[in-house]
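Colleague: okay, sequence plus prediction incoming.
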Amino acid sequence: MAESTRKKQDIYLLGQPLRTAILEKMTAVIREVLPIWQRARILTTQEYNAIKKLDNMFKLWQGLKKHSKRNSNAQRRQEQAFVHSRKDLFDIAHANAIELIQIQEEREFLLAQREPGRRGYMSGVDKNLALKEARSYERKRRQENYKLYMNSKVEQHEEGIVSFCLTQLEQFQPRCDYRELLELSLILLGETPPRGVRVLQPGALHRARWMARLIYSFILYMYRHQFRLTRVEEKGICRFIVFGICVYLRSWFTAPDLLSAARHDLQLVKRIQQFRDVDRKVFVAAANALSRHLWYVSEELVGAAFFDDQISHEKKVLMVDALSVESKTTNDFTKRLQMTINDIFDEMSVKDFVSSNTMQFFAILGLPHSFLNKRPSEWREDEQYKKAFEVVSGIKPVNDFAERGVALMQDFNRAIVSSEEQKQYLLQVVEYHRTQYPNPKKETLVGGNTFP
């Protein structure tokens, strides 16, 4: 019977004994049996425990074989018990399988199998269950394909991102979380930061800084195997990280540079457009959100790009020529980059946003602009250019200093008062003082009322 089965060439003892060591034979048998239990949806013990159980059975058989010529009653009872036990289940279920199995029908099936003679049996294929498992397998397959796809997209930008992070780490970073974000980006890309691989304790997650969410997502993704994440949660974190590394990381760290703000904003737009092929949903959300924050490619503010050393002399010549072009916009609305889903900006450059209105940049700041009549290669030697460059390079386009000022005043207030009641009273006094003395003029101070 056994020799006629289709598996006789593969399974040990079915007419074709394996010519290997006993332990290897037992391992082969258990590895043939475990999938059958898995198809029955019964939790099993570890492989080495199942092998140990089979080894104990084999040793029992060896002992009975060794004393088979004995005619004692004890020997015969042991042999009969061994023969009858072969009709029972070779139980390799998990020790707590009954408690862990959630479906009542599967629990009853295991209990029936454990009865003498194995009353339970497997009937035909459960089509509903088979469809569920097929859908589950397809979801897992798509998830793995998505991870591979995302990894390939990150690898396309990996070299440039790594060099950018290393360059930024050599510069002064105003906060420790700035450096932490750069180091985590290198770790996720498979590189080692200059200070070594280390993960800090997560800080506060707040709305004031988008960077805190990205740092938290990095750490969450790195330790995703230590706690349970659903496939939806893991995929969402992966999408967020890929967008942060491939698209937004450079723009975040280059935002304080006013001279290159217009160029970096255009590069950000182009990276978002390229991200459409990676993740369209993220592209749509990012395009709609960031299109409201591209003021440095407006007709007036694009004037700062004349002082950007990364723009070639040839392009600056075209920018100067564009100053003579009349603006197509009204005086109430500045020309600003309007990004829609179907727009393509690969052919756009900073010069496309320069017009006659750009001269307002020099007029508002009181900057000399006679150097524009010279060749761009001669600007750095021009005294008027040096004065204008000194003013423009000192302007910060982000509210980082304002945030630090708020934090400083909060610390100062906490140092003055210790209770919430006194703090509220202090705020009332300050508000009353502002009402009584709205400006620092002498007549206001002399004519002001005293405090009640």
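Modeller: Great, that's in hand.
Colleague: secondary structure element for the closest residue to T254 other than its chain neighbours?
Modeller: Spatial nearest neighbour of T254, excluding adjacent residues (Cβ to Cβ, 6 or more residues apart in numbering): H264 at 4.8 Å. For glycine as for every other residue, the C-beta is placed from the backbone atoms N, C-alpha and C. Using DSSP states H and E, the element containing H264 is helix 261-274.
Colleague: if you compare the directions of the helix or strand that that helix is followed by and helix 261-274, what angle comes out?
Modeller: For helix 261-274, the succeeding helix or strand toward the C-terminus, using DSSP H and E, is helix 280-290. Put simply, helix 280-290 runs at 160 degrees to helix 261-274, going by axes from the mean of the first three to the mean of the last three Cα atoms, to 10 degrees.
Colleague: list the helices and strands helix 280-290 packs on?
Modeller: In terms of contacts (3 or more Cβ pairs under 8 Å, 6 or more residues apart in numbering; DSSP states H and E), helix 280-290 is packed against helix 231-243, helix 261-274.
Colleague: quick one: the residue in the chain sticking out farthest from the centre from S85, how far?
Modeller: What lies farthest from the middle of the chain is N71; by Cα atoms, centre = their mean that is 72.9 Å. Taking Cβ to Cβ, to the nearest Å as the measure, N71 falls 22 Å from S85.
Colleague: also K281?
Modeller: Where S85 is concerned, K281 sits at a distance of 59 Å (Cβ to Cβ).
Colleague: now the helices for the stretch 301-450 of the chain?
Modeller: 313-322, 359-365, 383-393, 400-416, 420-436, 442-447 (DSSP state H, counting those that start in this stretch).
Colleague: now find how far off-centre the shortest one is within its chain.
Modeller: What it means is helix 442-447. Between the centre of helix 442-447 and the centre of its chain there are 58 Å (Cα atoms, centre = their mean, to the nearest Å).
Colleague: make 701 the first number, not 1, from now on.
Modeller: All right, first residue 701 from here; so that's helix 1142-1147.
Colleague: got the contact list for that helix?
Modeller: Contacts to helix 1142-1147, defined as Cβ atoms under 8 Å, 6 or more residues apart in numbering, come from residues 1137-1138.
Colleague: just the element for Q778, please.
Modeller: If you go by DSSP H and E, Q778 is part of helix 773-785.
Colleague: show the subsequent helix or strand relative to that helix.
Modeller: Sequence-wise, the next helix or strand downstream of helix 773-785 (DSSP H and E) is helix 797-800.
Colleague: helices or strands next to that next one in the packing?
Modeller: On a contact count with 3+ Cβ pairs under 8 Å, 6+ apart, helix 797-800 meets helix 804-814.
Colleague: count the residues that sit near L789.
Modeller: Other residues near L789 number 16, with proximity taken as other Cβ atoms under 10 Å.
Colleague: report the helix or strand with the lowest average pLDDT across this structure.
Modeller: In the chain, no helix or strand scores lower on mean pLDDT, DSSP states H and E than helix 1100-1116, which sits at a mean of 69.
Colleague: quick check: mean pLDDT across stretch 1122-1129?
Modeller: Across stretch 1122-1129, pLDDT averages out at 81.
Colleague: buried residues of it, list them for me.
Modeller: Residues of stretch 1122-1129 include none that count as buried (16 or more other Cβ atoms under 10 Å).
Colleague: one more: stretch 788-802?
Modeller: Of the residues in stretch 788-802, 789, 792-794, 797, 801 count as buried by neighbour count, 16+ other Cβ under 10 Å.
Colleague: list the contacts for the most centrally placed residue in the chain?
Modeller: The centroid of the chain falls nearest to I941 when counting by Cα atoms, centre = their mean (2.6 Å). By Cβ under 8 Å, 6+ apart, I941 lies in contact with 888, 914, 917-918, 921.
Colleague: just those residues now: which is nearest K1087?
Modeller: L914 (39.4 Å; Cβ to Cβ).
Colleague: where does the prediction get shaky in the stretch 851-1000 of the chain?
Modeller: 851-857, 904-909, 994-996 (pLDDT under 70).
Colleague: quick one: distance of the helix holding H964 to the chain centre.
Modeller: On the basis of Cα atoms, centre = their mean, helix 961-974 sits 21 Å off its chain's mean C-alpha point.
Colleague: from the contact counts, what lies against it?
Modeller: With contacts defined as 3+ Cβ pairs under 8 Å, 6+ apart, helix 961-974 has these neighbours: helix 949-954, helix 980-990.
Colleague: could you redo the last one with a cut-off of 10 Å?
Modeller: Here helix 961-974 touches helix 827-869, helix 949-954, helix 980-990, going by 3 or more Cβ pairs under 10 Å, 6 or more residues apart in numbering; DSSP states H and E.
Colleague: no further queries at this time; thank you.
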